[in-house]
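Asker: Sequence plus predicted model, see below.
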Amino acid sequence: MTEATDLAAAAGSTDPRVGLRAVVALRRLLEGLEHLQVANARRNGWSWQEIADALGVTRQGVHKKHAHLMPARDPRED
């Protein structure tokens, strides 16, 4: 089993302590994966709007969340 599979199973536990710890770990894992894929999209030339559309959020929201973690780019590229 993978870490994500183990965490998903633990998140369904009837023990709230186990379930909540798993939820926190899953949240961290997902945040890291989201940042990884946003960075990947930016390296591949995606605009903030394209990323936002793929994530189902606003352009402003995704930019605010991830822009400070990205290398500087020419704003005319968006």
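Answerer: Everything's here; your move.

Asker: Counting by contacts, list what the host helix or strand of T5 packs against.
Answerer: Using DSSP states H and E, T5 sits within helix 3-11. Here helix 3-11 touches helix 16-43, going by 3 or more Cβ pairs under 8 Å, 6 or more residues apart in numbering; DSSP states H and E. Every C-beta, even on glycine, is put in place using the N, C-alpha and C of the backbone.

Asker: that older thread, can you list the buried residues in the helix holding T5?
Answerer: By 16 or more other Cβ atoms under 10 Å, the buried positions in helix 3-11 come out as 7, 10-11.

Asker: Show residues contacting it.
Answerer: Identification of contacts with helix 3-11 by Cβ atoms under 8 Å, 6 or more residues apart in numbering yields 1, 18-19, 21-23, 25-26, 29.

Asker: and which of these is nearest D53?
Answerer: Using Cβ to Cβ, L29 is the member of the contacts of helix 3-11 that lies nearest D53, at 23.3 Å.

Asker: if I look at the closest one, how far off is R59?
Answerer: 25 Å (Cβ to Cβ, to the nearest Å).

Asker: Then L36?
Answerer: Here the criterion is Cβ to Cβ. By it, L36 lies 19 Å from R59.

Asker: Tell me which of these two has more neighbours.
Answerer: R59 (15 against 10; other Cβ atoms under 10 Å).
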